[in-house]
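Colleague: sequence first, predicted model second:
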Amino acid sequence: MKLGILGGGQLARMLALAGLPLGIRCKFLDPAADAVAGHCGELLVGAYDDPALLAQLADGVDAVTFEFENVPAAATQWLEQHLRVAPTPRALAVGQDRLAEKTLFAELGFGVPKFAPADSLDELRAAVATVGLPCIVKTRRLGYDGKGQHRLREGADQAAIDAAFTELHRPGHGGLIVEGFVPFDRELSVIAVRSRSGEVAIYPLVENVHEGGILRRSRAPAPDVPAAVREAAEQFVTRLLTHLDYVGVLAVELFLAGDRLLANEMAPRVHNSGHWTIEGSVCSQFENHVRAVLGLPLGSTAMAGDGFATMLNVIGTMPARTAMLEVTGAHLHDYGKKPRAGRKLGHVTVVERARETADAVASRAAGLLRETAKPGS
């Protein structure tokens, strides 16, 4: 079998690596000639919406998926006329628009921060007044890893609101959304997969820590989460998957404030907070996505060996390979990308039978990452 993938970054690369043991080959389309998925399969280089390249991508594959939500929806719609595309273009369209996300979450009965759209400066001023301060002004589209966001603090004046508009508003980018600031206690994510037949499998709830808008650490299962919170997250993601007639892996980022669970945003794809599943789950999110999209049976989402996992993102600079591999229990993933400040270059996963051991090993690995990140190191 063969799978086409829009995008050629690390997520596409890990999808391909998951498919190889199953005898599944992948073909990619990406604008960058050095896209790292090209290490693992045929890489077509050019625009995502180039009809000739889309035809080449579709040629000889059994289905097409995408590795991130900012590919043009028109490209998936063109492909859908010729073969199966999963997740559906509808799910992609929702995942591309923060306003559509929040609106759908609310319609499905899940808690969300207070929000209001804004397409002009006057509308932004009115939206801030409606939502209240403090709040976050975001672009509706093309935001990730903390990009496309501006925080307005308590007491922000008209000049601060105007500055946010100047910074974020771009004609043709779908406008802005204002969201109430959530004084959350923890950030969580729920990752699930749905098959073509409608079977749903859910991975253990994950606790996440972000710095500078970028995910730094994930722990699975999330410790000390009340059963009611876990069940609410699982019920919501199941409802969302069913509503969208979704096929593949879906992630929803959540805020936990006291005993209140709020939906932040969804990712219609494999997700950074699920990278730990490669070593930490019986069947990784990447393998399950490949299985689902190609109509194969789903694999188990249970923790491998009933253990505990911690994932650390490698940002900006790779650690010394030898030093990291000397950390017993640490699994290093190098994406093969050129170093750059703020860029995700790889990740490290620790899987142990006891939470205390996993945390200790992860702390040692994190120390090596901090040493690497020091100026002049």
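Modeller: Everything's here; your move. This structure is a prediction, so every number in the text was calculated from the model and none was measured.

Colleague: which pLDDT value belongs to the residue lying closest to residue 372 once chain neighbours are set aside?
Modeller: With sequence-adjacent residues excluded and distances taken as Cβ to Cβ, 6 or more residues apart in numbering, residue 372 is closest to residue 319, at 4.4 Å. For every residue, glycine as well, the C-beta is placed using N, CA and C. Note on residue 319: pLDDT of 95.

Colleague: then residue 376?
Modeller: Predicted confidence (pLDDT) for residue 376: 49.

Colleague: and the helices in the stretch 201-350 of the chain?
Modeller: Remark: helices assigned in the stretch 201-350 of the chain by DSSP state H, counting those that start in this stretch are 227-243, 277-280, 285-293, 321-325.

Colleague: could you list the domains of this protein?
Modeller: As given by automatic domain parsing, the domain ranges for the chain are 2-85, 114-180, 186-373.

Colleague: so for residue 100, which of those sits nearest?
Modeller: When the domains of the chain are compared by Cβ to Cβ, domain 114-180 sits nearest residue 100, at 8.1 Å.

Colleague: lowest-confidence stretch among the domains of the chain?
Modeller: Per-stretch mean pLDDT for the domains of the chain is lowest at domain 114-180 (a mean of 90).

Colleague: report the secondary structure state of residue 116.
Modeller: Using DSSP: H, G, I helix; E, B strand; the rest coil, the structure places residue 116 in strand.

Colleague: that one pairs with what?
Modeller: residue 178 (DSSP bridges).

Colleague: which ones are touching it?
Modeller: Residues in contact with residue 116 (Cβ atoms under 8 Å, 6 or more residues apart in numbering) are 126-127, 130-131, 177-178.

Colleague: these: which two are farthest apart?
Modeller: Taking Cβ to Cβ, the two most distant members of those are 126 and 177; they sit 13.0 Å apart.

Colleague: what is the burial count for residue 308?
Modeller: Residue 308 sits with 24 neighbouring residues when counted by other Cβ atoms under 10 Å.

Colleague: mind listing what it touches?
Modeller: 219-221, 280, 351-355, 357-358.

Colleague: equivalent analysis for residue 163, please.
Modeller: By Cβ under 8 Å, 6+ apart, the neighbours of residue 163 are residue 150.

Colleague: would you double-check that it falls in a helix?
Modeller: Yes: assessed by three-state DSSP, residue 163 belongs to a helix.

Colleague: re the thing from before, quick one: closest of the domains of the chain to residue 108.
Modeller: Closest to residue 108 of the domains of the chain is domain 186-373 (Cβ to Cβ; 5.4 Å).

Colleague: so how far is that closest one from its chain's centroid?
Modeller: 9 Å (Cα atoms, centre = their mean, to the nearest Å).

Colleague: gap between the two ends of it?
Modeller: Distance between the two ends of domain 186-373: 26 Å, counting by Cα to Cα, to the nearest Å.

Colleague: which of the contacts of residue 116 sits closest to residue 365?
Modeller: Relative to residue 365, the closest of the contacts of residue 116 is residue 177; by Cβ to Cβ it sits at 36.7 Å.

Colleague: the closest one: neighbouring residues, count only.
Modeller: 26.

Colleague: quick check: it touching residue 113?
Modeller: No: Residue 177 is not in contact with residue 113 according to Cβ atoms under 8 Å; the separation is 10.2 Å.

Colleague: and for the two, which residues touch both?
Modeller: Common contacts of residue 177 and residue 113, defined by Cβ under 8 Å, 6+ apart, comprise residue 102.

Colleague: tell me which stretches of the stretch 1-150 of the chain form helices.
Modeller: 10-19, 51-58, 73-80, 89-95, 98-107, 121-131.

Colleague: which residues does the third one contact?
Modeller: With Cβ under 8 Å, 6+ apart as the contact definition, helix 73-80 has outside contacts at 4, 6, 48-49, 51, 54, 57-58, 64, 66, 85, 88-89, 92-93, 96.

Colleague: one more: the first one?
Modeller: Where contact means Cβ under 8 Å, 6+ apart, the residues beyond helix 10-19 that reach it are 3, 5, 25-26, 28, 30, 35-37, 39-41, 65, 67-68, 269-270, 275, 278, 284, 286-287, 289-290, 333, 335-337, 344.

Colleague: now do that helix and helix 285-293, the angle between them.
Modeller: Counting by axes from the mean of the first three to the mean of the last three Cα atoms, to 10 degrees, helix 10-19 lies at 70 degrees to helix 285-293.

Colleague: and if you look at the last one?
Modeller: Angular relation of helix 121-131 and helix 285-293 on a 0 to 180 degree scale: 110 degrees, by the same axes, to 10 degrees.
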